[in-house]
Every structure is written in structure tokens, then in C-alpha cells.
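Peer 1: Task: produce atomic coordinates for the following.
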Amino acid sequence: MSHQTSDAIEATDTLSVEDNQAELTTATAGSGDCSCSEGAAMDPVSAEAADEQTIPAEPEYVYAIGTIEPRFPSVSVEKEYAQAAAGMETEGLTDRQALYEVLRQNRYLAREMCWVLRIEGLESYILLIRDHMDLDQLVAALQPADIATDRDVVVGARGPMAGPNMCHGLVAPTLIMDKIYSFDIPGFIAAIPKPEGVEENAFRATAEELFHRIMQMADNVGASAEHRTVNYLAVRYPPIYTLATEMFARDAFLSGVDVRPDQLSGVRRIVKAVFGFTHRKTDVTEKFFLRVDVTEKWPFLVSKLQPFYDQ
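Peer 2: Predicted structure coming up:
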């Protein structure tokens, strides 16, 4: 898959972490100008493909972490793929590598495929794109890598439920995507800035453990404000990994992540993410929090990590 690890962790401990994201998309989640080719429900270009329904007036934004997989929507597409693959040099390639090469060189097939986002092994979304140029993001997500450690962050808006004819019987909500951040977990961990004075191996091991713990705690499809916040922080806010390393060194473990509405919320939807670390010997829990704005499609940091005290 395409390893955009630097994209996934480029946010720093500043309040302008999303400044560079404005150029990623000019489409709004409420646009309904996509259209899908008739009879090819697997053509990922439109919300209209899903029983010609439209996006809700108030879009449900999604910030999900999973793995993108293409599916053959029909026997004819599968047979056409086999013919295309037979005419290419695929010796020594795994099935995934061969699939990437065939779709990369045959865009007409990539348009026909049904693209699915799997989260924790479950088929959670059928992906649709707003523009044919975005098809390259989907194909790039297949770039050869270890599928066990591959992760794709998909940002967009939830669309209508797909009918059984859209993706060979799969019934799932559609996700109209705007951006994909693709990375493998080891590469992602290696790219996190290491704080000074911390031993390299210890930091990387701590960061990887924290990433997996957060993913297990979250166990979500990235649609609620709480889950979008946790997913955003896990891949875009490196200071939480530095904090975890410091707490682990003090014999404390991550015991909980709690996301709650913040009193600063007004016209904006601001939440408070609270990380709790419990000391193994004393059983005392220390908490730290930060604020995240999840009003619109792209979450962003409002305040930095600081100690939290229950009131």
C-alpha cells in the first residue's frame, strides 16, 4: 500500500495542526453531485449508486481506521480481471501484489471494483469517491506491503446504505471519501518523533503498544464525535506517545481514554479527550486531557495536553 506515514503523523504540538489540510479537498460533505455508472454499482464514484439516494442535509462525518480491500462485484468483472492479469507479468507476485499491478495499469477495472473498508475484520463501509481522480488513492492503498500491519485512515461523510446489488450481496453503509492516509504500523511508529533523553527501542516499543491499546479501546467505525476524536489523535498527534513513554517509565499503564463534551462548546462542537494512567503499585490514576474541535469534517487541536483534575 502507499505508505504516507509522514502524512499520518505530521501534526505537531501546536494549535495549527490542520492548517495544511485545507488543500486536501474543496468538496463539502453535503455535496450530492456524484453519479455512478448504471448497472455498475461497484463504480465508486457516486452516492447515487446506492439506490439513487442522496446525502443527508446534515452529513455524518467519518474518521475511520481500517484496511481497504477491493471486491469483485460480479462474475463478469472477475473474469475480465483474470483476462487482464493473464496478459501481464505476475510471476513471483502475491495475490495482493498482482491485484495492485493489474488495477494500476487498468483503470477501467479499478472503476468497476467494489471498494470496502474493513475495521477489526468487519466489512464496515463501501467506499465511494467524489472524483475519478481520487481513484488513484484507492489503488495506491493496495501497494504491496504486509496486510497484517497495513492501515488506512479514511476521512469523509457517511452516505446511504448500499443495496445488495451494489457489491455482490454485501449490505453496508457507504462512505463518500475525501482523503486516505495509508501506512504500515512499523513505519508509522518509526516516523514518530522521539523525545530527547529517551532510549530509542523503549520509545518505539511503548508507542506501538499504545497504538494497539488505543485501537482496541476505540473499536469503532469512526462515525461518532468520540470515535473520530480518538482516531484523529491516534494518527495525528504524536505527543500522546511521548506522554505514554513518560508514564510507562513511572510504572503506570494506560487505563482509559474518555471523550466528553467540553464546557467551551458553543456554536462549535469541542470535546475533551482524557487519558488516564494508573500506577501499578499504588493504583492511583493520573489524568491528562486536551481539547479537539470535531464540528466539521476535519478534526483539529484546540488545546494541548495538560493535567486533568476531576471536579
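Peer 1: tell me the domain ranges of the chain?
Peer 2: Using automatic domain parsing, the domain parsing of the chain gives 5-186, 200-308.
Peer 1: Just send those domains back as JSON lines, with distance to K194 too.
Peer 2: Just so you know, the C-beta spots here come from the backbone N, C-alpha and C atoms, and that holds for glycine as well. Listed next are those as JSON lines, based on distance: least, CB to CB, whole Å:
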{"stretch": "domain 5-186", "distance to K194": "12"}
{"stretch": "domain 200-308", "distance to K194": "5"}
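Peer 1: Least reliable of those by average pLDDT, please.
Peer 2: Per-stretch mean pLDDT for the domains of the chain is lowest at domain 5-186 (a mean of 77).
Peer 1: What count of nearby residues applies to E101?
Peer 2: Burial measure for E101: 20 neighbouring residues, criterion other CB atoms under 10 Å.
Peer 1: who touches it in this structure?
Peer 2: By CB atoms under 8 Å, 6 or more residues apart in numbering, the residues touching E101 are 88, 90, 93.
Peer 1: State the distance from the last one to A148.
Peer 2: Yep, that's L93 we're talking about. 18 Å (CB to CB, to the nearest Å).
Peer 1: Dig out what Y181 forms beta bridges with.
Peer 2: In this entry, Y181 is beta-bridged to V153, by DSSP bridges.
Peer 1: same thing with I68?
Peer 2: Judged by DSSP bridges, the bridge partners of I68 are L117.
Peer 1: separation between M133 and V155?
Peer 2: 16 Å.
Peer 1: what about the two, which has more around it?
Peer 2: Remark: of M133 and V155, V155 carries more neighbours, 25 against 8, as counted by other CB under 10 Å.
Peer 1: That one against Y125, yeah?
Peer 2: No. Using CB atoms under 8 Å, V155 and Y125 do not qualify as a contacting pair, with a distance of 11.9 Å.
Peer 1: got any residues that touch both of the two?
Peer 2: With contacts taken as CB under 8 Å, 6+ apart, V155 and Y125 have V62 as neighbours in common.
Peer 1: returning to what we had before: now the buried members of the contacts of E101.
Peer 2: Among the contacts of E101, the ones that count as buried by 16 or more other CB atoms under 10 Å are L93.
Peer 1: Would you reformat the contacts of E101 as TSV and include secondary structure and distance to V259?
Peer 2: Formatted as TSV, the contacts of E101 follow (DSSP: H, G, I helix; E, B strand; the rest coil; distance: CB to CB, whole Å):
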residue	secondary structure	distance to V259
M88	coil	47
T90	coil	46
L93	coil	42
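Peer 1: Between the contacts of E101, which sits nearest V102?
Peer 2: Nearest to V102 among the contacts of E101: M88, at 6.3 Å, using CB to CB.
Peer 1: how much space between the closest one and Q143?
Peer 2: 16 Å.
Peer 1: ditto for L128
Peer 2: Relative to Q143, and taking CB to CB, L128 is found at 21 Å.
Peer 1: of the two, who's got more company?
Peer 2: L128 (27 against 16).
Peer 1: Was I right to think the more buried one contacts L175?
Peer 2: Yes. L128 lies in contact with L175 (CB under 8 Å); the separation is 6.9 Å.
Peer 1: list the residues that contact both of those two?
Peer 2: Applying CB under 8 Å, 6+ apart, one finds that L128 and L175 are jointly contacted by G159.
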